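Engineer: Mind looking at a prediction? Sequence and model below.
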Amino acid sequence: MLDAIIIFSFILAGAGIGYHGIEALPPDILRQANDPDSLRLVLAAFGAMIGVAVGLVAQSGYRRVARQVREMPAHVLLSRSVGLVVGLLVANLLLAPIFLLPIPQEFSFIKPLAAVVGSIMFAVSGVSLADIHGRSLLRLINPNSVETLLFSEGSLRPSTTKVLDTSCIIDGRILSLLDTGFLEGQLLVPQFILQELQQVADASSDQKRVRGRRGLDILNRIREAYPGRVVIHSADYEDIATVDAKLVRLVQDINGTLLTTDYNLNKVASVQSVPVLNVNDLTQAVRPSYLPGDSLDLKILREGKEPTQGVGYLDDGTMVVVEDGRSFVGGELQVIVTSALQTSAGRMIFARLKASAIA
């Protein structure tokens with residue numbers, strides 16, 4: 001739409017210049033013209049064609065400049081704008097005395113020429129200095145501006161908004177994660193997520209009701225602990241049926257990051273190139289690593305699926321399957337790690353009884 005407006009504006013300008021440009025023609029040409037009105041229309045059409053050509057060039061230039069501005073980091077755009085304004089102000093202050101000088105009429109063109117050249121020079125200098133000292137300039141304008149931005153690959157970028165999923169809220173580990181200070185940026189809870197939590201809390205199943213009420217309680221605790229970071233978003237997509245699809249669409253629209261513990265939603269969002277933070281992945285990343293041959297003190301809590309297996313759990317909830325451990329259910333003994341299976345859905349460790357424990 002804007003491209004069409006640019007081209008149409010140049011067409012109108014060219015046609016208007018051509019239509020009224022007949023006044024600037026030499027009188028001899030006007031006297032030789034049999035029909036001045038037809039000549040005026042021809043000049044208007046010629047001007048319109050020139051306007052089309054100039055408009056296409058201007059449209060291409062506008063697209064290139066707009067693309068560069070969109071790709072430019074926010075702090076660079078801000079610092080260059082400030083540098084440009086400061087350069088023009090300095091140019092006006094320094095060049096103002098030139099207009100007060102008694103310059104002869106023959107050299108009066110010097111004043112506007114000096115103003116134009118000086119303004120361009122100081123404007124370019126201001127932009128160049130802003131590129132070199134951009135961060136210092138931002139600190140000078142607002143000392144807190146740099147603190148609200150994250151350094152990434154040598155540039156300043158804002159922290160993305162985290163959109164909370166229902167599973168992440170019910171899980172509850174998000175509150176502990178916030179307490180550690182590792183999670184930055186605003187936390188956005190869509191209105192349709194609140195509605196889903198309410199539906200789960202009002203469900204006929206006792207298990208679902210407990211989960212739903214737990215999620216609402218955790219959300220209230222987060223809002224009380226971090227009132228300035230939690231935002232309830234009213235966006236909804238009536239043309240989209242499922243809550244998961246609405247979440248992905250919202251994250252795409254705001255260029256945010258999805259925070260979830262849902263394995264399937266994680267995969268669907270990743271396929272659509274949506275940034276995802278999975279709390280389960282973080283938990284696995286910070287869990288202690290157990291290599292084959294490591295010794296563990298483990299309590300066998302129940303029987304495994306296989307006839308001879310026993311099952312125990314580490315303090316972090318990791319399940320340990322012990323071969324020949326069925327007969328030791330209820331007892332605590334030492335086991336040797338043989339292998340580990342690790343996925344986004346969870347982790348499982350396989351072990352065998354230590355020789356001294358059998359004896």
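Structural biologist: Noted; the coordinates are in hand.
Engineer: Strands along the stretch 151-300 of the chain, start to end?
Structural biologist: 155-158, 162-164, 187-190, 230-233, 257-260, 276-278, 295-303 (DSSP state E, counting those that start in this stretch).
Engineer: what domains does the record give for the protein?
Structural biologist: 2-132, 162-284, 289-358 (automatic domain parsing).
Engineer: and these as TSV, adding mean pLDDT?
Structural biologist: Shown next, in TSV, are the domains of the chain (pLDDT from 0 to 100):
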stretch	mean pLDDT
domain 2-132	68
domain 162-284	87
domain 289-358	83
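Engineer: will you turn the ones you listed into JSON lines that also has mean neighbour count?
Structural biologist: Yep, even glycine has a C-beta here, placed from its N, CA and C like the rest. Formatted as JSON lines, these follow (neighbours: other C-beta atoms under 10 Å):
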{"stretch": "domain 2-132", "mean neighbour count": "14"}
{"stretch": "domain 162-284", "mean neighbour count": "16"}
{"stretch": "domain 289-358", "mean neighbour count": "15"}
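Engineer: about what we covered before: take the strands of the stretch 151-300 of the chain and write them to CSV, including distance to Ser339.
Structural biologist: Formatted as CSV, the strands of the stretch 151-300 of the chain follow (distance: least, C-beta to C-beta, whole Å):
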stretch, distance to Ser339
strand 155-158, 41
strand 162-164, 35
strand 187-190, 38
strand 230-233, 42
strand 257-260, 29
strand 276-278, 24
strand 295-303, 13
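Engineer: between those strands, which gets nearest to Asp171?
Structural biologist: strand 257-260 (9.0 Å; C-beta to C-beta).
Engineer: Can I get the closest one in PDB, CA atoms only?
Structural biologist: Only the C-alpha atoms of strand 257-260 are listed here, as PDB (Å, rounded to 0.1, in the frame of the first residue of the first chain):
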ATOM      1  CA  THR A 257       9.800 -17.200  24.100                       C
ATOM      2  CA  LEU A 258       7.600 -20.100  25.100                       C
ATOM      3  CA  LEU A 259       8.200 -21.500  28.600                       C
ATOM      4  CA  THR A 260       6.800 -25.000  29.000                       C
END
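Engineer: Show me what it is packed up against.
Structural biologist: strand 162-164, helix 166-171, helix 243-254, helix 263-271, strand 276-278 (3 or more C-beta pairs under 8 Å, 6 or more residues apart in numbering; DSSP states H and E).
Engineer: can you list contacts of the second one?
Structural biologist: It refers to helix 166-171. Residues outside helix 166-171 that contact it (C-beta atoms under 8 Å, 6 or more residues apart in numbering): 174, 189, 193, 196-197, 200, 211-212, 214-215, 218-219, 243, 259-262, 265, 279.
Engineer: so where do the helices sit in the stretch 101-250 of the chain?
Structural biologist: 110-132, 134-141, 166-171, 173-180, 191-201, 206-225, 243-254 (DSSP state H, counting those that start in this stretch).
Engineer: what's the closest of these to Val329?
Structural biologist: helix 206-225 (26.6 Å).
Engineer: tell me the angle the closest one makes with helix 173-180.
Structural biologist: On the basis of axes from the mean of the first three to the mean of the last three C-alpha atoms, to 10 degrees, helix 206-225 is oriented at 20 degrees to helix 173-180.
Engineer: Quick one: the helices of the stretch 101-250 of the chain as JSON lines, columns for distance to Val76 too.
Structural biologist: Below are the helices of the stretch 101-250 of the chain laid out as JSON lines (distance: least, C-beta to C-beta, whole Å):
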{"stretch": "helix 110-132", "distance to Val76": "7"}
{"stretch": "helix 134-141", "distance to Val76": "6"}
{"stretch": "helix 166-171", "distance to Val76": "34"}
{"stretch": "helix 173-180", "distance to Val76": "31"}
{"stretch": "helix 191-201", "distance to Val76": "35"}
{"stretch": "helix 206-225", "distance to Val76": "34"}
{"stretch": "helix 243-254", "distance to Val76": "22"}
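Engineer: Out of those helices, which is closest to Ala351?
Structural biologist: Nearest to Ala351, of all the helices of the stretch 101-250 of the chain, is helix 173-180, at 26.3 Å by C-beta to C-beta.
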